[in-house]
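[1] Make a model of this:
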Amino acid sequence: MADVRDILDMERANTPELTKEMFLIQKKRNFEKVKGVSKRPEGMHREVFALLYNDNKDAPPLLPTDTALGIGSGYKQAKARLGMKKVRKWEWAPFNNPARTDGAVFHHWRRTTDDQKEYPFAKFNKQLQIPTYSMSDYNTHLRTNIQKWTKAQTDNLFDLAKRFDLRFIVMADRWDRAQHGVKSVEDLKERYYEVVGLLSKTKALSGDKKAYAFDAEHERKRKDQLKKLFERTTQQVEEEQMLLNELKKIEARKKERERKTQDLQKLISQGISDVIANVQSVRKYEKKLVKKKLHHQPRPSKVDSVVNAIEIGGSGIKFSDLRGSGVSLRSQKMKLPANIGQRKVKALEQAIQQFKVDPSPPPTEDISNAFNELRSDMVLLCELRTALATCVYEMESLKHQYEAACPGKTLNIPPSLIPAEHIKQEAIDAGTSSNSTNA
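    You can find the predicted model right below:
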């Protein structure tokens with residue numbers, strides 16, 4: 001205000017001298033203004049409070065602005081920079097769009113100092129390269145069944161593809177059904193990509209790129225499935241969700257049943273190990289009683305070896321699952337583990353020859369599993385035969401020891417404890433010895 005009075009040659013009011021008291025009073029007023037600012041209520045977000053109230057108590061803006069970022073009214077500068085330079089002039093100048101072929105002239109504002117440049121938005125007008133063909137190319141490579149696609153229909157298809165940049169939905173809408181018949185979107189796509197693939201093979205239009213093969217039948221089925229999925233009723237959706245829930249319950253029950261089966265197998269294996277331990281303890285006790293009665297050191301019993309053979313043979317062969325990363329052959333599942341001894345391998349080969357089984361069957365999944373189970377059972381059978389023979393030999397040795405310790409007495413072994421094959425073999429041996437005596 002003092003500057004305005006000086007310009008108008010008016011008397012200036014006396015400016016009061018700034019003292020310490022006046023400075024402190026002004027500072028106190030500013031502090032009271034800051035102190036009087038309302039606080040944001042508890043629980044209200046900062047953005048909501050800023051919309052309702054600000055320091056200047058202005059009404060909230062009707063439109064979103066960027067003034068909070070220091071940019072006023074959408075311009076780069078909040079205030080205009082006034083200088084001594086002249087303002088650049090603008091003119092209403094004509095221009096042509098090179099993407100248009102009709103020569104239309106348009107106008108826009110442009111600085112007079114700017115050079116005449118190409119319309120900047122013309123670079124966004126990208127056009128597809130639609131292949132062309134001659135009459136000889138059509139007769140040589142593109143001719144098909146007359147009732148399916150004719151020359152006029154193919155020409156009309158490529159003309160629409162060039163006009164509408166392969167927008168097949170628009171092309172199907174602009175297709176002349178009265179002149180060229182009814183064609184669906186899938187028919188147009190199939191014919192177009194068929195012609196492009198044939199031309200790419202003959203003229204190498206696509207270079208090293210592989211021609212795209214469109215399957216119209218698959219596209220029709222896909223749309224039919226989507227239509228059925230879209231037209232499902234509320235009852236059908238609820239039924240599907242119910243079936244999915246039932247499937248989850250079935251899978252959960254299956255896992256629970258498998259877990260219980262594993263626990264049961266563990267209990268059975270633990271029971272078998274306890275039975276074997278009891279048998280071993282009973283055999284040791286009987287061994288001590290025999291020592292006391294015979295008063296001499298008997299030969300070492302083979303019961304322990306029999307029990308160990310049963311325990312080892314009860315598990316059969318454990319084949320690898322091939323669950324590692326990488327590619328593997330299914331025939332590797334039929335390969336014997338490395339921990340199988342040579343004696344078991346030879347016994348297994350003899351058993352395979354005895355039962356006339358193919359040692360190298362085709363490695364399908366079912367055959368591989370069945371073949372592995374068969375060999376595991378064969379190994380278990382061989383172990384059981386060995387254990388049975390050992391038990392029979394042990395009974396015979398105990399019989400001879402009893403007869404030697406008690407002269408004049410004979411120990412008869414019950415036939416139920418002797419295998420049928422062993423009795424048959426003794427009968428054959430007895431018949432052979434009698435024949436030799438008579439001879």
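[2] avg pLDDT for the lengthiest helix in the chain?
    Of all segments of type helix in the chain, defined using DSSP state H, the longest is helix 234-294. The predicted model assigns helix 234-294 a mean pLDDT of 86.
[3] Could you do stretch 197-216 as well?
    74.
[4] Got phi/psi on residue 90?
    Main-chain torsions, residue 90, degrees, to the nearest 10: phi -120, psi 150.
[5] For residue 344, give me its contacts.
    Listed by CB atoms under 8 Å, 6 or more residues apart in numbering, the contact set of residue 344 reads 379, 382. Where C-beta positions appear, they are placed from N, C-alpha and C, glycine not excepted.
[6] Same check on the one 3 residues further on?
    With contact taken as CB under 8 Å, 6+ apart, residue 347 is in contact with 379, 382.
[7] Mind doing that once more with 7 Å?
    Residue 347 makes contact with residue 382, according to CB atoms under 7 Å, 6 or more residues apart in numbering.
[8] Next, work out how far apart it and residue 390 are.
    15 Å (CB to CB, to the nearest Å).
[9] next one: residue 144
    82 Å.
[10] Residue 376 too?
    Noted for residue 376: a distance of 21 Å to residue 390, by CB to CB.
[11] same check, this time on residue 185
    With CB to CB as the criterion, residue 185 and residue 390 are 81 Å apart.
[12] What about residue 378, how many residues nearby?
    22 (other CB atoms under 10 Å).
[13] Contact partners for it?
    Per CB under 7 Å, 6+ apart, neighbours of residue 378: 348, 351.
[14] what about it, which helix or strand?
    Residue 378 belongs to helix 365-405 when assigned by DSSP states H and E.
[15] how far off helix 234-294 does that helix point, in degrees?
    For helix 365-405 against helix 234-294, the angle by axes from the mean of the first three to the mean of the last three CA atoms, to 10 degrees is 20 degrees.
[16] Tell me how far helix 365-405 lies from the chain's centre.
    49 Å (CA atoms, centre = their mean, to the nearest Å).
[17] model confidence over it, on average?
    For helix 365-405, the mean per-residue pLDDT is 82.
[18] And for stretch 415-426?
    Averaged over stretch 415-426, pLDDT sits at 60.
[19] Residue 131 reaches residue 201, doesn't it?
    No - Residue 131 is not in contact with residue 201 according to CB atoms under 7 Å; the separation is 11.8 Å.
[20] okay, the two: which has more neighbours?
    Between residue 131 and residue 201, counted using other CB under 10 Å, the more crowded position is residue 131 (16 against 12).
[21] Would you state the helices of the protein in chain order?
    Counting by DSSP H, one finds helices in the chain at the ranges 2-7, 20-35, 46-52, 135-137, 151-164, 168-173, 177-180, 185-203, 216-230, 234-294, 303-313, 342-354, 365-405, 420-438.
[22] residues in contact with residue 402?
    Applying CB under 7 Å, 6+ apart, we find residue 402 in contact with residue 411.
[23] Quick check: it vs residue 415, distance?
    According to CB to CB, residue 402 and residue 415 sit 18 Å apart.
[24] can you list the domain ranges for this structure.
    Domain segmentation of the chain under automatic domain parsing yields 135-230, 232-297.
[25] Dump those domains to CSV, plus distance to residue 351.
    Shown next, in CSV, are the domains of the chain (distance: least, CB to CB, whole Å):
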stretch, distance to residue 351
domain 135-230, 53
domain 232-297, 24
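[26] what's the most buried one of the ones you listed?
    By mean neighbour count, with neighbours taken as mean count of other CB atoms under 10 Å, domain 135-230 ranks first of those at a mean of 14.
[27] measure it end to end?
    45 Å (CA to CA, to the nearest Å).
[28] hang on, residue 190 packs against residue 214?
    Yes - contact criterion CB under 7 Å: residue 190 and residue 214 qualify, at 5.3 Å.
[29] which residues are common contacts for the two?
    With CB under 7 Å, 6+ apart, residue 190 and residue 214 have no common neighbours.
[30] so which of the helices of the chain comes closest to residue 106?
    helix 151-164 (22.6 Å; CB to CB).
[31] Can you pull out the residues in contact with that closest one?
    Taking CB under 7 Å, 6+ apart as the rule, helix 151-164 contacts 130, 138, 142, 170-171, 174, 176, 180, 188, 191-192, 195.
[32] For that helix, give the mean pLDDT please.
    Averaging pLDDT along helix 151-164 gives 91.
[33] now swap in stretch 329-340 and tell me
    Across stretch 329-340, pLDDT averages out at 74.
[34] just stretch 44-64 next, same as before
    On average, stretch 44-64 scores 69.
[35] Also stretch 111-124?
    For stretch 111-124, mean pLDDT is 81.
[36] In CSV, list the C-alpha atoms belonging to it.
    These are the backbone C-alpha positions of stretch 111-124, laid out as CSV (Å, rounded to 0.1, in the frame of the first residue of the first chain):
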residue,chain,number,x,y,z
ARG,A,111,3.8,-22.4,-33.2
THR,A,112,5.0,-20.3,-36.1
THR,A,113,8.6,-21.1,-35.2
ASP,A,114,8.1,-24.9,-35.5
ASP,A,115,9.1,-26.5,-38.7
GLN,A,116,6.6,-28.3,-40.9
LYS,A,117,6.8,-31.8,-39.6
GLU,A,118,4.9,-35.0,-40.2
TYR,A,119,1.7,-35.5,-38.2
PRO,A,120,3.1,-37.2,-35.0
PHE,A,121,0.1,-39.5,-34.5
ALA,A,122,0.5,-41.1,-37.9
LYS,A,123,3.1,-43.5,-36.4
PHE,A,124,0.4,-45.3,-34.5
